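>>> 3D model of this:
(one chain, ligands or ions: 1)
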Amino acid sequence: APSQLLAGVKLMLTAGPTREALDPVRFISNHSSGKMGYALAAAAQQMGAEVTLVSGPVALATPNGVTRINVESATQMHAAVMQDIKHQQIFIACAAVADYSPKQIAEHKIKKTSQDALVIELTKNPDIVADVAAGTNKPFTVGFAAETQGVAHYAQDKLKRKKLDMIAANNVAAQNQGFNSDHNALSVFWPNGHTELPLAEKTTLATHLLTLIAEQYHDTNRA
Ligand code: PMT
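Okay, the predicted model is just below:
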């Protein structure tokens, strides 16, 4: 059994995509499968944490011993996280949350017209991980960064701007890793450190990342 580095620690994470409705039958979403976040949830539970998984729509089974809260939109995910965050000691944002959603959700199915162009106006969603990190008594907060270029630069920018304790960056343009793959590679940054977790199965990476998180979490709490 993996060592109980997170024994008794309350850990919440987000996983999967969000769906932003356009009308009763259509939505804007992305290719997140939930595999990375679910692997983290399972590994955290095995390391002794009390795990709450706030999940967008995915086709995965809930890991043993994990409490799962299902949501669809970014707004719903934000509400589910904020409702319980004050009880959490670690928060990991692995979900691929839509940055924008349609300004209006049409009450009825949008009709095809004779026009060739259709314009959809979008409005910014709340930033879940930034709101968690801005709270008083905030948990140890870990973000992800999905980048297609300048991975280290944009990740370190997100670490600072969103006031995170750690960020795990992945290059989602690279083949055979990132969205929907069983594999991934992560560049992990925290305020005074950095490490590379090379290409591996998401289940293996999850254990490595949580070991780093546990070390930094216990260090921060000791300081
Ligand atoms: O689900 P899989 O198929 O296994 O794929 C895994 C993954 C590629 C989705 C995962 O490894 C990953 O990178 N997740 C973060 C995806 C993302 O939305 O990254 P971002 O760089 O756009 O967002 C930065 C951080 O802010 C993330 O922690 C994100 O969860 C968070 N965020 C973003 C927007 C928002 N409104 N609220 C947020 O909390």
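
>>> nearest residue to residue 214 other than its sequence neighbours?
residue 5 (3.9 Å; Cβ to Cβ, 6 or more residues apart in numbering). Where you see a C-beta, it was placed from the backbone N, CA and C, and this is true even at glycine.

>>> the strands in the protein, which residues?
For the chain, the strands defined by DSSP state E cover 10-15, 20-23, 26-28, 50-55, 67-70, 90-93, 100-102, 122-124, 140-147, 166-171, 183-190, 193-201.

>>> could I get those strands as a markdown table with mean neighbour count and distance to residue 77?
Below are those laid out as a markdown table (neighbours: other Cβ atoms under 10 Å; distance: least, Cβ to Cβ, whole Å):
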| stretch | mean neighbour count | distance to residue 77 |
| --- | --- | --- |
| strand 10-15 | 26 | 6 |
| strand 20-23 | 18 | 11 |
| strand 26-28 | 16 | 14 |
| strand 50-55 | 24 | 6 |
| strand 67-70 | 15 | 9 |
| strand 90-93 | 27 | 10 |
| strand 100-102 | 18 | 11 |
| strand 122-124 | 11 | 15 |
| strand 140-147 | 23 | 14 |
| strand 166-171 | 23 | 19 |
| strand 183-190 | 21 | 21 |
| strand 193-201 | 13 | 26 |
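
>>> Minimum distance to residue 43: which of these has it?
Smallest distance to residue 43 across these (Cβ to Cβ): 9.4 Å, for strand 50-55.

>>> Give the other helices and strands that the closest one contacts.
Helices and strands touching strand 50-55, by 3 or more Cβ pairs under 8 Å, 6 or more residues apart in numbering; DSSP states H and E, are strand 10-15, helix 35-46, strand 67-70, helix 74-84.

>>> Export the ones you listed to CSV and append columns for mean pLDDT and distance to the ligand.
CSV is the format used below for these (pLDDT from 0 to 100; distance: least, Cβ to the nearest ligand atom, whole Å):
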stretch, mean pLDDT, distance to the ligand
strand 10-15, 98, 6
helix 35-46, 98, 4
strand 67-70, 98, 15
helix 74-84, 98, 5
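
>>> All good on my end, thank you.
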